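K.L.:
what follows is a predicted structure for the sequence shown.
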Amino acid sequence: MKRWILLGLALIVVVAGLYLMTRHHGVRVGIGGAGSGEHSLAPDFSLPDLTGQRLDLSSYRGKVVLLDFWATWCDPCRDEIPHFVDLQNKYGGQGLQIIGVSMDDGPEPVRDFYHRFKMNYPVVMGNAKMGELYGGILGLPIAFLIGRDGRIRAKHIGATDISVFEKEIKAAL
Amino acid sequence: MSLPIKVRQMLVVFISGTVAIALASMALAYQASLIPASRLVNPDELVKILQSAKSEKPLMIQVGSHVLYTQAHIPGSEYVGPASSESGLQSLRKRVESLPRSKFIVLYCGCCPWSHCPNVKPADDALHAMGFTNVKILYIANNFGADWVEKGYPVAKGD
């Protein structure tokens, strides 16, 4: 019996190891496409949010903005959302504003997702033009951290550990 | 270990159940990884096929997001919708239903890192169920931007 218990524990260790091995970690990159490189001014945009009201990036100048390109069908994007909700709660009072840019084909699944995950920051519907403004959003998730001066401080491609975001946000606030 | 037999049995059942659930979750989460390597085609191999005068040209179908397709796609490829949704799968079936089952088809997405792509496996399964025998899946390790566009391979934009 003891042998079986040990075997079970060993299996759990193997499964956990495999899971960690297959997790994809995002990369921080310094160069994107035109206008999306680090230290360049974040391209302005004006897009409708899920309630139909227009959201202008320029109206958030003076805040630290985490711009998150995501989609409801993207697993790593979904994993990040609850952490972003926590970050918005934790640092919103200090000047953090997270903005989601959904790359879904339509707003219906996004509205449903927004309520289910109790998202506490605005989400706009992205499009190809918006993607190109930010150097081509040709994979998800992609996140930009924008400083109070409106300049891009970091770009992360792929799922990124939330501690990385938190460290960068604290430095920018 | 001096636990009563019943407790030990319950412990074993609990551990086995946990492992089974973990394995099932992994299989679902990383379904693209379940596609056999023999069914995959790498970007550089596909480019060679497309550039070769002798090779049979495949029907290339993007089974991911329209916004991503509009920004960049393989020239000549068609968009049918995300195969992780039933409507996308229906569009895919409709597009290929009249084709001979030996037709060379390449499916691709590139929305997410390979192990997280929710679209290629359902698309592959659908074509397999329809009897297609010459289907390849473009292996995109990270995303279409990193593994195709930034490599300098041919790209088209728009619908």
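P.N.:
Done, it's in.

K.L.:
CA atoms for contacts and neighbours, from now on please.
P.N.:
Noted.

K.L.:
so the most centrally placed residue in chain A is in which element?
P.N.:
For chain A, the residue nearest the mean C-alpha position is A:Asp68 (3.5 Å; C-alpha atoms, centre = their mean). Assigned by DSSP states H and E, A:Asp68 falls within strand A:64-70.

K.L.:
over to B:Arg95?
P.N.:
Using DSSP H and E, B:Arg95 maps to helix B:86-96.

K.L.:
the next helix or strand after that helix - what's its average pLDDT?
P.N.:
Counting by DSSP H and E, the next helix or strand C-terminal to helix B:86-96 is strand B:105-108. For strand B:105-108, the mean pLDDT works out to 98.

K.L.:
output the contacting helices and strands for strand B:105-108.
P.N.:
Secondary structure elements in contact with strand B:105-108, counted by 3 or more C-alpha pairs under 8 Å, 6 or more residues apart in numbering or on different chains; DSSP states H and E, are strand B:59-62, helix B:120-129, strand B:135-138.

K.L.:
let's see 7 Å
P.N.:
Under the contact criterion of 3 or more C-alpha pairs under 7 Å, 6 or more residues apart in numbering or on different chains; DSSP states H and E, strand B:105-108 touches strand B:59-62, strand B:135-138.

K.L.:
columns mean pLDDT and mean neighbour count on top of the ones you listed, output as JSON lines?
P.N.:
Converted to JSON lines, these look like this (pLDDT from 0 to 100; neighbours: other C-alpha atoms under 10 Å in any protein chain shown):
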{"stretch": "strand B:59-62", "mean pLDDT": "98", "mean neighbour count": "22"}
{"stretch": "strand B:135-138", "mean pLDDT": "97", "mean neighbour count": "22"}
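
K.L.:
and those as JSON lines, adding distance to A:Ala171?
P.N.:
Output for those, formatted as JSON lines (distance: least, C-alpha to C-alpha, whole Å):
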{"stretch": "strand B:59-62", "distance to A:Ala171": "40"}
{"stretch": "strand B:135-138", "distance to A:Ala171": "40"}
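
K.L.:
residues in a beta bridge with the closest residue to A:Ile152 other than its chain neighbours, which ones?
P.N.:
Counting by C-alpha to C-alpha, 6 or more residues apart in numbering or on different chains, A:Ile146 is the residue found nearest to A:Ile152 once chain neighbours are left out, at 4.4 Å. Going by DSSP bridges, A:Ile146 is paired in beta bridges with A:Val65, A:Ile152.

K.L.:
surely A:Ile146 touches A:Leu66?
P.N.:
Yes: at 6.2 Å, A:Ile146 and A:Leu66 qualify as touching, with contact defined as C-alpha atoms under 7 Å.

K.L.:
coming back round to it: after the strand holding A:Asp68, which helix or strand is next?
P.N.:
With DSSP H and E, the next secondary element past strand A:64-70 is helix A:75-91.

K.L.:
buried sites along that next one?
P.N.:
For helix A:75-91, the neighbour count (16 or more other C-alpha atoms under 10 Å in any protein chain shown) marks A:75-78, A:80-81, A:83-85, A:87-88, A:91 as buried.

K.L.:
residue ranges with poor pLDDT in chain B?
P.N.:
B:1-3, B:12-30 (pLDDT under 70).

K.L.:
residues in contact with the residue nearest to A:Ile152?
P.N.:
The neighbours of A:Ile146, taking C-alpha atoms under 7 Å, 6 or more residues apart in numbering or on different chains as the test, are A:42, A:64-66, A:152-153.
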